[in-house]
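[1] When you get a sec, could you give me coordinates for this:
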Amino acid sequence: MQSRLASIITLSVAFAACGGSAAQQGTSTAPAPANPSGVQTTTDAPWPVKTREHLDLWLHGFAMVTQDTTRVPFFRRGYREQITVEKNRRGLTTLLDGNRDQLAARFAANRNLVGAQFIALYFGSWEELSRGVSLFLRAEGDPGRASDQQQQAVIAFLAGTFRSRADRDWLELFARSLEDERARFYHEYWLAEQRARGPALAAVDSLWQRVYRPRLQTFLDRTQQSTGDFVLSLPLDGEGRTITAGKRSNVIAVTFPDDASRAVEAIYVAAHEVIGAIANTAIADNVSPAERREGTVDRISSNALVRGGALLLQRVAPDLAAGYARYYLRAVGASTTGDVQAALAQQFPLPERIRASIASQLETVLGGI
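    Below you'll find the model as predicted:
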């Protein structure tokens, strides 16, 4: 997950001023229907369940050109191989395939580019994202070259991730490769997947809005996460993507189950993401300078989200606790038999002071229910 100081609303205004609309969806040549799966989701409730093609395309690009070495995978296991087989079946090779080695090389040289995965969450469509990238590249990453404050906000936002000329060159090649991928393969593929996963989308929406979101709502309200968009994303696995910007301007992207029988997996990842609101505080308050210097914070953060999500579900949805534990144990290839909560603690070790801090904050937030 990730939290940014920049407001989603402010950036949306800026993107619109550059010629786009924050509410616009679809693609430039063949707009996707608002609901390609044909499923009617509960859009008037807090945290409506949605899908976003441009977000999936952006994450798809990262999945295809990077090595996912995280213990809990960012992207579904075997995703790149599955896509490669599908493209080979169609006899397709795109710029993303041809430029994969070059894109991967820069990513390996600058691991900070992993943060760029979150950027698409701030845009309403592929057109907005492309327009923002083009503006940034024309300005060579310099907000001072913007013609107005709105453009300046967009350029400054992207400059926070793409800081050097080499990073900007990478972004230009990545965006150009994705445009070719979208036009020649991904748009059609994405629409087909939405239709195929319509029953799964409906099942997630039902579980989320009718059962588990209401149980989580007190926690969400009291941690400044009252509402936002709950996005099912094709490439994602156990590590979601989240941006938080106030009570109502939030986005959580989670795994998109391929079958209705696995709909609950999206709820597991949602719990893993929303606990970041207090897990990050527990880490900030309890990680020593030495641990920061030793580079252990990333590992602690990852484990804190997994363990924190388990603690949250044990409080508000205990019927999901065992399944959640098994889901994240499978994610790291561990056994799912026996005492799964003990196994989760063993596989995702966490300093007791941080675990206790998360538990204490949960008690404060959920006190009285």
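[2] CA only for contacts and neighbour counts going forward, please
    OK.
[3] Let me see the ranges of the strands in the chain.
    All strands of the chain, identified by DSSP state E, fall at 49-50, 229-233, 241-243, 251-255.
[4] right, and those strands - which one's nearest residue 176?
    Closest approach to residue 176 among the strands of the chain (CA to CA): strand 229-233, 21.8 Å.
[5] hang on, the earlier thing: is it possible to export the strands of the chain to CSV including distance to residue 60 and mean neighbour count?
    Formatted as CSV, the strands of the chain follow (distance: least, CA to CA, whole Å; neighbours: other CA atoms under 10 Å):
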stretch, distance to residue 60, mean neighbour count
strand 49-50, 17, 21
strand 229-233, 10, 23
strand 241-243, 13, 23
strand 251-255, 13, 26
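[6] Return the set of residues that bridge with residue 254.
    Residue 254 forms beta bridges with residue 232, as assigned by DSSP bridges.
[7] just how off-centre is the longest helix belonging to the chain within its chain?
    What stands out as the longest helix in the chain, according to DSSP state H, is helix 297-316. How far helix 297-316 lies from its chain's middle: 17 Å, per CA atoms, centre = their mean, to the nearest Å.
[8] Pull out the buried residues from that helix.
    Buried residues in helix 297-316, counted by 16 or more other CA atoms under 10 Å: 297, 300-313, 315-316.
[9] swap in stretch 212-227?
    Here stretch 212-227 shows 212-213, 215-220, 223-227 as buried, counting by 16+ other CA under 10 Å.
[10] how does this protein divide up, domain by domain?
    8-30+38-251, 275-366 (automatic domain parsing).
[11] So which of those is nearest residue 266?
    Nearest to residue 266, of all the domains of the chain, is domain 8-30+38-251, at 6.9 Å by CA to CA.
[12] how far does that closest one sit from the chain's center?
    With CA atoms, centre = their mean, you get 8 Å for domain 8-30+38-251.
[13] helices or strands next to the longest helix of the chain in the packing?
    If you count contacts as 3 or more CA pairs under 8 Å, 6 or more residues apart in numbering; DSSP states H and E, helix 297-316 packs onto helix 264-274, helix 276-286, helix 321-331, helix 352-366.
[14] least reliable of the domains of the chain going by mean pLDDT?
    When those are ranked by mean pLDDT, domain 8-30+38-251 comes last with a mean of 89.
[15] what is the most centrally placed residue in the chain paired to in the beta sheet?
    Centroid-nearest residue in the chain, with CA atoms, centre = their mean: residue 241, separated by 1.9 Å. On the basis of DSSP bridges, residue 241 takes part in beta bridges with residue 253.
[16] Does it touch residue 250 like I think?
    No. Counting by CA atoms under 8 Å, residue 241 does not reach residue 250; the two are 10.9 Å apart.
[17] Identify the residue spatially nearest to residue 117, adjacent ones excluded.
    residue 59 (6.3 Å; CA to CA, 6 or more residues apart in numbering).
[18] The one you found and residue 116 touch, don't they?
    No. If you go by CA under 8 Å, residue 59 and residue 116 don't touch, sitting 9.5 Å apart.
[19] Which one of the two is surrounded by more residues?
    residue 59 (23 against 16; other CA atoms under 10 Å).
[20] give the contact list for that one.
    Going by CA atoms under 8 Å, 6 or more residues apart in numbering, residue 59 touches 117, 235, 236.
[21] Could you do residue 96 as well?
    Contacts of residue 96 (CA under 8 Å, 6+ apart): 61, 174, 177, 178, 180, 181.
[22] can you do 10 Å?
    61, 64-65, 102-103, 173-182 (CA atoms under 10 Å, 6 or more residues apart in numbering).
[23] Drop anything exposed from those residues.
    Looks like the contacts of residue 96 have 61, 64, 65, 103, 173, 174, 175, 177, 178, 179, 181, 182 buried, using 16+ other CA under 10 Å.
[24] contacting residues for the fourth one?
    Translated: residue 103. 61-62, 64-66, 96-97, 169-171, 173-174, 177.
[25] how about a markdown table for the contacts of residue 59, with distance to residue 287 added?
    Shown next, in a markdown table, are the contacts of residue 59 (distance: CA to CA, whole Å):
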| residue | distance to residue 287 |
| --- | --- |
| 117 | 26 |
| 235 | 32 |
| 236 | 29 |
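[26] Closest one to residue 86 out of the residues you listed, please.
    Closest to residue 86 out of those is residue 235 (14.5 Å), distances taken as CA to CA.
[27] and the closest residue to the closest one other than its chain neighbours, how many residues sit next to it?
    Residue nearest to residue 235 in three dimensions, not counting chain neighbours: residue 75, with 5.4 Å by CA to CA, 6+ apart. Neighbours of residue 75 under the rule other CA under 10 Å: 25.
[28] Does residue 75 touch residue 65 like I think?
    No. Using CA atoms under 10 Å, residue 75 is not in contact with residue 65, being 11.8 Å away.
[29] Relative to residue 254, how far out is residue 311?
    19 Å (CA to CA, to the nearest Å).
[30] Revised request: answer the last question for residue 323.
    Residue 323 is 16 Å from residue 254, by CA to CA.
[31] Could you tell me which of the buried residues of stretch 212-227 belong to helices?
    Going by DSSP H, the helices hold 213, 215, 216, 217, 218, 219, 220 from the buried residues of stretch 212-227.
[32] contacting residues for the residue lying closest to the second one once chain neighbours are set aside?
    Spatial nearest neighbour of residue 215, chain neighbours left out: residue 316 (5.9 Å); criterion: CA to CA, 6+ apart. Each residue near residue 316 by CA under 10 Å, 6+ apart is listed here: 212, 214, 215, 216, 217, 218, 219, 366, 369.
[33] repeat for residue 70
    239, 299, 302, 332.
[34] now do the same end-to-end measure for stretch 344-357.
    18 Å.
[35] now do stretch 264-282
    27 Å.
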